[in-house]
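Enquirer: Here is my input, please return the structure:
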Amino acid sequence: MDFFDTDFHCHILPGIDDGAADTDESVRLIQMQMEQGVRHIVATPHFRLHEMSIEKFLTRRNAAYQRLLDTGAFQPMPHIMLAAEIALERNLCFAEGLDRLANQEMDTLLLEIPYEGYRKWMSEEIEEIAYRTKKQIIIAHLDRYVDIFSSADYNDILNIPDAIFQFNTSAFTRWKSRRLLKPFVRDDYPIVFGTDCHNSTSRKPNFDLMLRHLKKYEPNAQVRRLFA
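Expert: Below you'll find the predicted structure:
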């Protein structure tokens, strides 16, 4: 397992969120990922605390994973790590058992900032979650906010202690996203990539974009520790 064969963010589990609708679509997505060089997959279905308890989410996630296993489509099944894309909201840090949503193999929590104007409480909440859970925080698809966050907003986020920043591989398809990503690559920021794939048509895997654009890239030391 290493930086160049790990999809850190995707929605491949069947019937649990707006990702793969059924096991057939799950299998198609995994096949596409593997054809693009992915060997390790972090499955991150959406979790929103105001909609569902942690316990209910874990039950649904595990059942979805079992349905995928039961297909017998892969022998052996690719290495899939169960986690969640956790929607950031006020007072999320007080949720009991939040650490159970972590990718337990890497000890990471993937947090999704709301798609709205940046507010200081967002960074404060992330820092408090890191403190209370003792997990490595990964901030999801930082490139997604390029049209709504200012440079000052991004600077605030970059000052969150010890955070890792996840970019979608689709960032390579837009000029503004590539411009945002460039200093992260150049200046040795802790970054990881995910396809954020949801289906095999409009939001399909494109992990090969990262492999083509970052052939000689050396991951940050903080990121390399995830694979130790």
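Enquirer: Helix, strand, or coil at residue 127?
Expert: Under DSSP: H, G, I helix; E, B strand; the rest coil, residue 127 falls in the helix class.
Enquirer: does it really touch residue 159, like I thought?
Expert: No. Using CB atoms under 8 Å, residue 127 makes no contact with residue 159, being 9.6 Å away. In short, each C-beta sits where N, CA and C put it, glycine included.
Enquirer: The two - which one has more neighbours?
Expert: Set side by side, residue 127 and residue 159 show more neighbours around residue 127, with 17 against 10, by other CB atoms under 10 Å.
Enquirer: tell me, what's touching residue 127 and residue 159 both at once?
Expert: Residues touching both residue 127 and residue 159 (CB atoms under 8 Å, 6 or more residues apart in numbering): none.
Enquirer: Can you give me the neighbour number for the nearest residue to residue 141 once chain neighbours are set aside?
Expert: Computed as CB to CB, 6 or more residues apart in numbering, the closest residue to residue 141 that is not its neighbour in sequence is residue 168, at 4.7 Å. Residues lying near residue 168 (other CB under 10 Å) number 26.
Enquirer: From what I see, residue 168 and residue 9 are in contact.
Expert: Yes. Proximity of residue 168 to residue 9 meets the contact threshold set by CB under 8 Å, at 7.2 Å.
Enquirer: Mind listing the shared neighbours of the two?
Expert: Common neighbours of residue 168 and residue 9, using CB under 8 Å, 6+ apart, are 141, 194-196.
Enquirer: Give me the buried entries from the residues you listed.
Expert: The neighbour count (16 or more other CB atoms under 10 Å) marks 141, 194-196 as buried among those.
Enquirer: Closest one of the residues you listed to residue 105?
Expert: Set against residue 105, the nearest of these by CB to CB is residue 194 (15.5 Å).
Enquirer: Let me know the pLDDT of that closest one.
Expert: Residue 194 carries a pLDDT value of 98.
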